[in-house]
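Enquirer: got a predicted model here, sequence first, then my questions.
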Amino acid sequence: MANTDPQSNAPHHPKPDPDLNPKHRLTLAHFYPSLMNLYGDRGNIMALRARCAARGIDLDVHAIEIGDPWNSEQTDIVFIGGGQDREQRRIHADLVGRAGPLRDYRDADGVTLAVCGGYQMFGRSYRDIDGEVMDGAGVFDIVSSHPGRRFQRCVGNVVALWEDDTLVGFENHGGRTYLNDGAQPLATVVAGFGNNGGDGTEGARTRNAFGTYLHGALLPKNPRLADRLLRLALARRYGDDALPPLDALPPPDDGAASRAHAEALHVGLGR
Ligand code: GLN
């Protein structure tokens with residue numbers, strides 16, 4: 001059916017027709033939502049849900065709290081948000097118990113987004129503000145370390161180069177992250193601290209696992225990254241035939257998302 005909405009800025013794109021487009025469903029496992037949820041990280045899930053809905057895709061969100069079962073076979077996207085050292089200590093034992101399944105899921109090209117404290121905990125280890133070293137899930141070949149209370153936190157707006165685009169966001173972390181050989185940087189810092197304020201890297205990527213320090217939330221103002229995650233998840237679940245629905249219709253919030261990206265870029269570069 002043609003899109004006849006005169007307000008639409010995409011008049012040539014058809015709306016998804018449930019009779020013509022098979023209904024796709026993605027399942028997101030949200031790890032520790034009651035503990036790891038700083039700076040609007042839940043907004044990432046809201047952005048994914050809105051972008052799915054605009055394409056006629058259902059997004060089921062399963063909360064995985066401490067002790068909850070997790071079915072990796074049914075999972076298309078793993079998400080974990082930021083948390084403070086106190087929360088990281090609380091999830092640590094449970095998370096380490098899931099390290100094998102989380103790494104198997106990564107190796108099966110499962111899509112993962114891990115933010116800030118969650119990013120640190122999805123690495124090999126995190127040394128917290130008191131010097132206590134915790135093992136992580138080892139999804140990323142990174143180590144993170146908090147230098148202690150006397151050191152400046154990495155706080156502020158970030159702009160980073162990602163592929164031929166920019167990522168924008170807000171960071172607030174004491175820990176510094178360093179990449180080992182098995183991890184590629186997700187992006188290159190233009191403004192802000194990124195992984196450690198020294199080597200110009202921001203975040204990490206291993207297969208379809210993405211880790212980043214960017215909060216704020218990340219996906220509402222980085223719509224291309226949001227769509228990349230959805231595209232990877234759909235292709236893995238349904239094959240390449242699933243891709244046309246994503247391309248067929250820019251979601252209705254794209255104007256707002258693009259403006260948010262542009263504004264954050266402006267603010268980030270002006271610091
Ligand atoms: N606790 C970590 C740090 O300060 C992560 C903080 C966060 O997730 N914002 O380094």
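Expert: Structure received. If you're wondering where the values come from, they're calculated on a predicted model, not measured in any experiment.
Enquirer: going by C-alpha atoms from here, please, whenever you check contacts or count neighbours.
Expert: Noted.
Enquirer: so which residues on the stretch 1-150 of the chain come close to the ligand?
Expert: For the stretch 1-150 of the chain, the residues in contact with the ligand (CA under 6 Å from any ligand atom) are 82, 83, 84, 85, 116, 117.
Enquirer: and the pLDDT at the residue lying closest to the third one once chain neighbours are set aside?
Expert: It refers to residue 84. Spatial nearest neighbour of residue 84, chain neighbours left out: residue 117 (6.5 Å); criterion: CA to CA, 6 or more residues apart in numbering. The model reports residue 117 with a pLDDT of 97.
Enquirer: swap in the one 10 residues further on?
Expert: At residue 127, the predicted lDDT confidence score is 98.
Enquirer: isn't it right up against residue 146?
Expert: Yes - in this structure residue 127 lies within contact range of residue 146 using CA atoms under 8 Å: 5.9 Å.
Enquirer: give me the common contacts of those two.
Expert: residue 175 (CA atoms under 8 Å, 6 or more residues apart in numbering).
Enquirer: contacting residues around residue 52?
Expert: 58, 59, 230.
Enquirer: going by neighbour count, which of those residues comes out on top?
Expert: Counting neighbours by other CA atoms under 10 Å, residue 230 leads those with 22 neighbours.
Enquirer: which outside residues touch the helix or strand that it is a member of?
Expert: Element membership for residue 230 (DSSP states H and E) is helix 223-238. Outside helix 223-238, the residues that touch it by CA under 8 Å, 6+ apart are 26, 47-48, 51-52, 76-77, 109-111, 208, 219-220, 240-243, 246, 254, 257-258.
Enquirer: mind redoing it with 6 Å?
Expert: Outside helix 223-238, the residues that touch it by CA atoms under 6 Å, 6 or more residues apart in numbering are 76, 219, 242.
Enquirer: quick one: which of the residues you listed sit in helices?
Expert: Using DSSP state H, no member of the contacts of helix 223-238 falls in helices.
Enquirer: what pairs with residue 59 across the strands?
Expert: Beta bridges link residue 59 to residue 26 when assigned by DSSP bridges.
Enquirer: right, and it touches residue 29 too?
Expert: No - here residue 59 lies out of contact with residue 29, judged by CA atoms under 6 Å, at a distance of 10.4 Å.
Enquirer: buried stuff in the helix or strand bottoming out on mean pLDDT in the chain?
Expert: Ranked by mean pLDDT, DSSP states H and E, the weakest helix or strand in the chain is helix 243-248, scoring a mean of 74. Across helix 243-248, burial judged by 16 or more other CA atoms under 10 Å covers 245, 246.
Enquirer: quick one: the following helix or strand past that helix to chain centroid distance?
Expert: As assigned by DSSP H and E, the chain's next helix or strand after helix 243-248 is helix 254-269. Relative to the chain's own centre, helix 254-269 is displaced by 18 Å; criterion: CA atoms, centre = their mean, to the nearest Å.
Enquirer: tilt between the strand or helix carrying residue 166 and helix 254-269?
Expert: Using DSSP H and E, residue 166 sits in strand 165-173. Between strand 165-173 and helix 254-269, the angle comes out at 60 degrees (axes from the mean of the first three to the mean of the last three CA atoms, to 10 degrees).
Enquirer: following strand 165-173, which helix or strand comes up?
Expert: Next along from strand 165-173, by DSSP H and E: strand 176-179.
Enquirer: walk me through which strands that following strand pairs with, and which way each runs.
Expert: With DSSP bridges as the test, strand 176-179 pairs up with strand 142-145 (antiparallel).
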